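Colleague: quick check, what structure comes out for this input:
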Amino acid sequence: MVNDLTLEGIDTHTCYISEVKKEKTREINMELFRILSMFFVVMTHCMMHSEVIAKLGIQDSNFVMVQILKSISWMCNTCFILITGYYMVNSKFKIKRIAALWGKTILYTVGIYITIRVVLHTDHDMFKSIFPITHGQYWFITNYIALYFLSPILNMLIKKLNQNQFKYLITVMTVLYGLIGPAFGSFVGSLGNMIYIYFVGAYIRKYVEIKKEKQYYLLKCALFIIVAIFLRMVFNGLSLAIQSEAIKGELTRLLNSLNNFMNIITVTSAVFLFLKFRTIEIKGKTISKIISAVSTSTMAVYIIHEHSTVRVLIWYILVDFGKYAQSIYLAPRIILISAIIFIGCTLIDLIRIAIYSILKKIPCVKCLVDKINIYMDKVNKKVVKMIE
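Modeller: Down below sits the predicted model:
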């Protein structure tokens, strides 16, 4: 999945290395995991931006079902970074990956900006479109790029630690980022959280022996999801029943910690789901090709649907979940709308890739890309020399 710098780009979340290429059919399971993780991202945004979660209380009939969907989809960020840590710990630093991700992001933000101006005749921050990463348009991509630049240093640290030292480091970070951070609002930072999950993914790669029992990891994942749902219901119920404002404040704090993406229950659920997918074998050539094709567009799905203006169009104009908050069809609608958005964004990106496949046949385009690749190789050698 790692290509040279092209308009087609690279989905840098996997950062596959040479040994993965040798075992391509075996790693299709992780491509599928990436697709599922991005679907979780879309479903999370569906519930967050449409304010479905905020509109439902424990007394509402749809509360439990939405909490189930929430507990499952909340694993999305952890899942992506687990993949990154798992593969990147043994990967060489290549600045082309960052350049490709940055280029893909700018391509879509500028394209969306032009489309909005031409079709809808509405104004939008031009500088945010041209410099989406530095202007905080996409917090995940901004922090991911920072993580990638730090990865060589992180990998050096990992190589110097023995298993017990590495385990100690992860334990301390779990306490800080998985317990204290979500509960008390301290030690919390997007980049710090990513580094923590990166270490977890790297530890799995180096030291965890995957069990072959088919249901072992899935049952563990389901158990932690059930625990999260149960605790949310308990804290919500108690906050309604108890009159003391001080106790209500503590319950609200605990509830907020469960709603944090990096709380220990969500992270543990994601780890077991990741391990479950490591046991899956996908051998069919046709399904493997489909999965590979779709997985290349996962980052584009995020960039398109989470664009600030597109977000408003989707969740506040095209999709209005407010009137369905009490409907028995709310959960199916959330899943269906999320699937439509995911498929729609994927198709847009596949069209982009098809257009590029035509453009790259033009000599001047090919020449330009080759020159960029040569320049990026020179930059990469200088960066690697600095690191080493």
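
Colleague: contacts, neighbours, all on C-alpha from now
Modeller: Noted.

Colleague: can you pull out the low-pLDDT segments for the protein?
Modeller: 1-26, 121-130, 134-135, 182-189, 214, 239-241, 243-245, 248-254, 256, 322 (pLDDT under 70).

Colleague: all strands for it, in order.
Modeller: Here the chain has no strands by DSSP state E.

Colleague: roughly how far is the helix ranked longest in it from the heart of the chain?
Modeller: Assignment by DSSP state H gives helix 330-359 as the longest helix of the chain. For helix 330-359, the gap between its own C-alpha mean and the chain's C-alpha mean amounts to 16 Å (Cα atoms, centre = their mean, to the nearest Å).

Colleague: so what does that helix touch, helix or strand wise?
Modeller: Helix 330-359 makes packing contacts with helix 28-49, helix 63-73, helix 298-305 when contacts are defined by 3 or more Cα pairs under 8 Å, 6 or more residues apart in numbering; DSSP states H and E.

Colleague: closest to Val172 out of these?
Modeller: helix 63-73 (24.4 Å; Cα to Cα).

Colleague: what angle separates that closest one from helix 28-49?
Modeller: 140 degrees (axes from the mean of the first three to the mean of the last three Cα atoms, to 10 degrees).

Colleague: give me the contacts around helix 63-73.
Modeller: For helix 63-73, contacts defined as Cα atoms under 8 Å, 6 or more residues apart in numbering pick out 37, 40-41, 43-44, 47, 53, 56-58, 225-226, 228-229, 232-233, 266, 331.

Colleague: about what we covered before: what's the closest of the helices and strands packed on helix 330-359 to Tyr148?
Modeller: Minimum separation from Tyr148 across the helices and strands packed on helix 330-359 (Cα to Cα) falls at helix 298-305, 15.4 Å.

Colleague: same for that closest one, what does it pack against?
Modeller: Partner elements for helix 298-305 (3+ Cα pairs under 8 Å, 6+ apart): helix 28-49, helix 95-115, helix 330-359.

Colleague: re the thing from before, okay if I get the helices and strands packed on helix 330-359 as CSV plus mean neighbour count and distance to Gly192?
Modeller: Shown next, in CSV, are the helices and strands packed on helix 330-359 (neighbours: other Cα atoms under 10 Å; distance: least, Cα to Cα, whole Å):
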stretch, mean neighbour count, distance to Gly192
helix 28-49, 22, 20
helix 63-73, 20, 21
helix 298-305, 23, 21
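
Colleague: turn these into a markdown table, columns for distance to Lys382.
Modeller: Converted to a markdown table, those look like this (distance: least, Cα to Cα, whole Å):
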| stretch | distance to Lys382 |
| --- | --- |
| helix 28-49 | 32 |
| helix 63-73 | 40 |
| helix 298-305 | 28 |
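
Colleague: and these: which comes nearest Phe149?
Modeller: helix 298-305 (18.5 Å).

Colleague: and the closest one, C-alpha only, in CSV?
Modeller: What follows is helix 298-305 as a C-alpha-only set of coordinates in CSV (Å, rounded to 0.1, in the frame of the first residue of the first chain):
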residue,chain,number,x,y,z
THR,A,298,-10.5,5.6,3.9
MET,A,299,-8.6,8.9,4.6
ALA,A,300,-10.5,10.6,1.8
VAL,A,301,-13.7,9.6,3.5
TYR,A,302,-12.5,11.5,6.6
ILE,A,303,-11.3,14.5,4.7
ILE,A,304,-14.5,15.0,2.7
HIS,A,305,-17.2,14.4,5.3
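
Colleague: in the stretch 101-250 of the chain, which spans are helices?
Modeller: All helices of the stretch 101-250 of the chain, identified by DSSP state H, counting those that start in this stretch, fall at 126-130, 139-160, 163-173, 181-184, 190-207, 216-241, 245-258.

Colleague: and the ones you listed: which comes nearest Met376?
Modeller: The nearest among the helices of the stretch 101-250 of the chain, by Cα to Cα, is helix 139-160 at 14.8 Å.
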